[in-house]
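**Student:** Structure for the following, please:
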Amino acid sequence: MLAIKARFDRTARDARHSRGRLRLHGIPILIFAAVVAIGYAVQQIRDSNWDLERRQQLDDVAKVHAILLQRQLAKHTLAAHLLGHQLREHNGEIADFEAYADRLIAEIGGITNLQLAPGGVISRIHPLPGHEAALGYDIVTNQYLRRGSMKAIESRTLTVVGPIPLIQGGVGIFGRYPVFLPDGQGGDRFWGLASVLIMLEEFLASTQLGLLTEQGYHYRLWRLAPETGEKSVFAGVLDEELPPPVVTATVDLPNEQWFLDLTFATPEAHGPGYFTGLAISGLVGTVLAWIAYLYLRLPERLREQVAGQTRQLEAMAFHDELTGLPNRKLFIDRLTQAIHRQRRGGQGFALIYVDLDMFKAVNDSLGHSVGDRLLITIAERLTASIRKSDTAARIGGDEFTVLLMDIQPPADVAQLAANLLDTLRAPIQIDDHSIQCTASLGVTLCPDDGDDPEQLLNNGDLAMYRAKQLGKNTIQFFSTALHREAERRRAQYHGLVAALAGEALFLVYQPVFSFASGKVVSVEALLRWRRDGDRVAMPAEFIPAIADTNLITQIGQYVVRHAVEDITALNRERPGEPLGLSVNLSSREFNHPDFFAAVRTALAESGFSPALLTLEIPEAAFSDRLAGSRIGLDALGQAGVGLHIDHFGTGHASLRDLRHPVLAVKIDATLVAGLTSDRDIFRLSAAAIAMSHLLGIQVVANGVETPAQLETLEALGCDMAQGYLFGGPVPLKELAALIRRIEDQGVDAPQPSRRA
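**Tutor:** I've put the predicted structure just below:
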């Protein structure tokens, strides 16, 4: 019994010892396990929330940048839509494509060039330099461009194509707009594509993507290649995968999608690792309270970061990056607010349109860096010259606007504008350069001149342009006369566009008489415009309206083409030596290299001998010529085409200008008129004729109307003459008879004719 009891006691003791040992080791283990479990659970929850917040931050930033990319590209590609609309409005023709393209590029910005592709084949590009290889390129059949072009044609909407490698080099983005014209049967027909090209490198440089790298992000911009469906990365991190977490925002574009991947360049340490966390989880109290504090504080901190970045991006969207001034978008918003305030009974206000004079010369001669610093200084002066309630903005290039609030009397505005003009023209010292940059100011008042934002901006622009015409460095107020003059010139311009397409323009010819042979040796082609019924307009009435547009070049090409055809036909019918032909050039034609190519084409198509053609260029334009024009002119000279300096004695030509390919100078009619009555004019004419002969250059007298003038010119050794003494300008059908009358009966027979 004792043995059994002892065994039982030993067993019970062992059991108690085992339970004590279990409690001794088990409870600490349980406590440790519980603390570790709690720490692990807290760590998991915190990691999950941290990743969620970080992803939310990435997602917000990515979406903001995706929207900015969409808006910026939509702004650039809008030019293709406007160009297509213009083509549709004018039945597939743009009379002045280069000027229209220049205006779109200046107003919208960020555009490399605009392209026209009738039938899908690129025929016109502006600006062209550097993109000549793309001319003649069929963007509908080409395997790389076909998909985007067909997508635009099938959807009949603006379509973004690219980025894609360009045949002329580089990578570009296209906005293609399909143009459909009425087919006359109630339907329409496909005309072609109007396109805008944006170089990828320049587009990326103009976006805010560069800020992402500075702010600690990695990004990657990509799209699905239309040919293969594979991911095609074209910006950001190109050659390696982004570290997690990565979010993707969609950049929705017309008929296209891009994708923006975004992650952190260096993942931030957001708390302790697992083992450290498990150890810290054993510290009850302070460590847990600190972790709880970090956990509760983290979402608010991330929200503050996102809000700060959003405010920064919004500021960039409404302010000029270089000067910090409000941009055009913000200025129009403030202008609209000012108009609403005035309509509610507030005082009137003034808008001043500021354009710097000769800024391009500073950029070209001193470099864009100096030009940028000059713009910054001008912006600072504008800001310092106005009140806090006023607004100064940069709306593009070297153009600024100023909004002067609560100002009514024009005299007050005039004084403030004069003070502003004085402030701007004060010399500016940049490095070793002292620059005096004057400005032309156009002023318009609200409500006197209108109460619409675009109307007021147009008014200011018109007034500024008038200030430029008056000699720059001056102030011009908008007036209804300026508006009427602009409308008149616009009506003349469109009338000439229609006349060029129809038969309202026609040519007349005036003979040129040679003293040596006693014969008519050439004729001068002169342009006339039949308008308003039978009324014939002379060039002086309509040329000024188009002198600064490319329409003058098209009309010049029209004159050359028809004149060489007319005189070629006349020379086939008349006996003797063939007649020569002279055609007048304007300053703009002389500075347009395409014009010289058109002359060569007209000569080749008509078979007219280049040696019989002379181009008459105003003396002032000839002395101010550009190097590029001289190249085209020399090429014509090598082909045999001659050059006359017209209105000689009224411009600024120097002896250096009187060299090959100049064949003759044409004494202006104002000098010929005073030849027999003014001794000084007689001496000047004699000297000009003698000097020209010493240089081997012939002299033509223009505007000869009396026998006395003719005799004096012959005595001075003049080579040729033209004027109403021989006969006025006549149509081609009367030209042969006039020439026979001059050559058979002499110059005394015809009476001066003032006919068209």
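
**Student:** My read is that Arg381 contacts Thr423, right?
**Tutor:** Yes: between Arg381 and Thr423 there is a contact at 5.3 Å, judged by C-beta atoms under 8 Å. The way it works is simple: take the backbone N, C-alpha and C, and place the C-beta from them, glycine included.

**Student:** Give me the most central residue, the chain.
**Tutor:** Most central in the chain under C-alpha atoms, centre = their mean is Ile105, positioned 2.2 Å from the mean C-alpha point.

**Student:** which ones are touching it?
**Tutor:** Contacts for Ile105 were tallied using C-beta atoms under 8 Å, 6 or more residues apart in numbering; they are 79, 111, 113-114.

**Student:** again, only this time at 7 Å
**Tutor:** Shown in contact with Ile105 (C-beta atoms under 7 Å, 6 or more residues apart in numbering): Ile111.

**Student:** next one: Gln476
**Tutor:** If a contact means C-beta under 7 Å, 6+ apart, then Gln476 has 442, 463, 466-467, 470 as its contacts.

**Student:** Quick one: distance of stretch 444-462 to the chain centre.
**Tutor:** Taking C-alpha atoms, centre = their mean, to the nearest Å, one finds the center of stretch 444-462 at 23 Å from the center of the full chain.

**Student:** Now the terminal residues of it, how far apart.
**Tutor:** 10 Å (C-alpha to C-alpha, to the nearest Å).

**Student:** Now do the strands in the stretch 51-200 of the chain.
**Tutor:** 113-118, 124-126, 159-165, 171-182, 188-199 (DSSP state E, counting those that start in this stretch).

**Student:** by contact count, what packs against the third one?
**Tutor:** Put plainly, it is strand 159-165. Packed against strand 159-165 by the contact rule (3 or more C-beta pairs under 7 Å, 6 or more residues apart in numbering; DSSP states H and E) you find helix 146-155, strand 171-182.

**Student:** in its sheet, what does it sit against?
**Tutor:** strand 171-182 (antiparallel) (DSSP bridges).

**Student:** Report the buried residues of the partner strand.
**Tutor:** Residues of strand 171-182 classed as buried by neighbour count (16 or more other C-beta atoms under 10 Å): 171-180.

**Student:** on that earlier part again, now render the strands of the stretch 51-200 of the chain as TSV, adding mean pLDDT.
**Tutor:** Formatted as TSV, these follow (pLDDT from 0 to 100):
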stretch	mean pLDDT
strand 113-118	92
strand 124-126	91
strand 159-165	89
strand 171-182	92
strand 188-199	91
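
**Student:** export those to a markdown table and tack on distance to Glu132?
**Tutor:** Formatted as a markdown table, the strands of the stretch 51-200 of the chain follow (distance: least, C-beta to C-beta, whole Å):
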| stretch | distance to Glu132 |
| --- | --- |
| strand 113-118 | 11 |
| strand 124-126 | 8 |
| strand 159-165 | 17 |
| strand 171-182 | 15 |
| strand 188-199 | 13 |
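
**Student:** Between the ones you listed, which one is closest to Thr706.
**Tutor:** Among the strands of the stretch 51-200 of the chain, the nearest to Thr706 by C-beta to C-beta is strand 124-126 (49.6 Å).

**Student:** Tell me the strands beside that closest one, with direction?
**Tutor:** According to DSSP bridges, strand 124-126 has the following sheet partners: strand 113-118 (antiparallel).

**Student:** how about the strand it pairs with as PDB, C-alpha atoms only?
**Tutor:** The C-alpha trace of strand 113-118 is given here as PDB (Å, rounded to 0.1, in the frame of the first residue of the first chain):
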ATOM      1  CA  ASN A 113       4.700  72.900 -88.800                       C
ATOM      2  CA  LEU A 114       1.300  72.500 -90.600                       C
ATOM      3  CA  GLN A 115       0.800  70.200 -93.600                       C
ATOM      4  CA  LEU A 116      -1.600  69.800 -96.400                       C
ATOM      5  CA  ALA A 117      -2.100  66.400 -98.000                       C
ATOM      6  CA  PRO A 118      -4.700  66.500-100.800                       C
END
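
**Student:** what's that strand in contact with?
**Tutor:** Contact with strand 113-118 is made by 79, 83, 97, 101, 104, 122-127, 131, 139, 191-197, as judged by C-beta under 7 Å, 6+ apart.

**Student:** try 8 Å this time
**Tutor:** Contacts for strand 113-118 (C-beta under 8 Å, 6+ apart): 79-80, 83, 87, 92, 94, 97, 101, 104-105, 122-128, 131, 134, 139-140, 191-197.

**Student:** Next secondary structure after the one helix or strand Gln342 maps to?
**Tutor:** Using DSSP states H and E, the element containing Gln342 is helix 328-343. Next helix or strand after helix 328-343 toward the C-terminus (DSSP H and E): strand 349-356.

**Student:** Can you check what angle separates that following strand from helix 328-343?
**Tutor:** If you take axes from the mean of the first three to the mean of the last three C-alpha atoms, to 10 degrees, strand 349-356 sits at 150 degrees to helix 328-343.

**Student:** Could you pull out the helices in the stretch 551-700 of the chain for me?
**Tutor:** Secondary structure of the stretch 551-700 of the chain (DSSP state H, counting those that start in this stretch): helices at 551-573, 587-590, 593-606, 619-623, 627-639, 669-673, 679-694.

**Student:** and the first one with helix 593-606, angle?
**Tutor:** It refers to helix 551-573. For helix 551-573 against helix 593-606, the angle by the same axes, to 10 degrees is 20 degrees.

**Student:** Around the residue lying closest to Pro729 once chain neighbours are set aside, count how many other residues there are.
**Tutor:** Leaving aside its chain neighbours, Pro729 sits nearest to Val508 (3.8 Å; criterion: C-beta to C-beta, 6 or more residues apart in numbering). With neighbours defined by other C-beta atoms under 10 Å, the count for Val508 comes to 20.

**Student:** Rebuild the helices and strands packed on strand 159-165 as CSV, extending it with distance to Ala414.
**Tutor:** Shown next, in CSV, are the helices and strands packed on strand 159-165 (distance: least, C-beta to C-beta, whole Å):
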stretch, distance to Ala414
helix 146-155, 52
strand 171-182, 44
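
**Student:** so which of those gets nearest Leu221?
**Tutor:** That would be, of the helices and strands packed on strand 159-165 and by C-beta to C-beta, strand 171-182, which comes in at 11.4 Å.
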